[in-house]
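Asker: Give me a model of this one.
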Amino acid sequence: MPATASSSPQLLEQPEIELREAHVKSWIEQQHAAGFGVDQHMANALNAYLGGQTDLAGLLAELRRPYLH
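Answerer: Alright, predicted model coming up:
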């Protein structure tokens, strides 16, 4: 398991929750503006980020992972 992921969710404080929600909303809007959707892999990664199971670096790495092979 990568260092940026944890087996149990972190307890996030409200400012962190709001920041993560803003990141996710912006990312989804950018995907849609570019003519792309959000597949199940992306949704799982975004939900893990929102749930505190990974940090921003881990989210970005996971979103890129399918395209690196």
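
Asker: Remind me which helix or strand Ile28 belongs to.
Answerer: Assigned by DSSP states H and E, Ile28 belongs to helix 14-33.

Asker: Can you give the distance from that helix to the centre of its chain?
Answerer: Put simply, helix 14-33 sits 9 Å off its chain's centre (Cα atoms, centre = their mean, to the nearest Å).

Asker: what comes up buried for it?
Answerer: The neighbour-count check on helix 14-33 (16 or more other Cβ atoms under 10 Å) flags Arg20, His23, Val24, Trp27, Ile28 as buried. Quick note: C-beta positions are derived from backbone N, CA and C, even for glycine.

Asker: since we're on the closest residue to Glu21 other than its chain neighbours, how many residues are nearby?
Answerer: Excluding the flanking residues, the one nearest Glu21 by Cβ to Cβ, 6 or more residues apart in numbering is Leu50, at 6.8 Å. Using other Cβ atoms under 10 Å, Leu50 is surrounded by 17 other residues.

Asker: okay, Leu50: pLDDT?
Answerer: For Leu50, the model assigns a pLDDT of 97.
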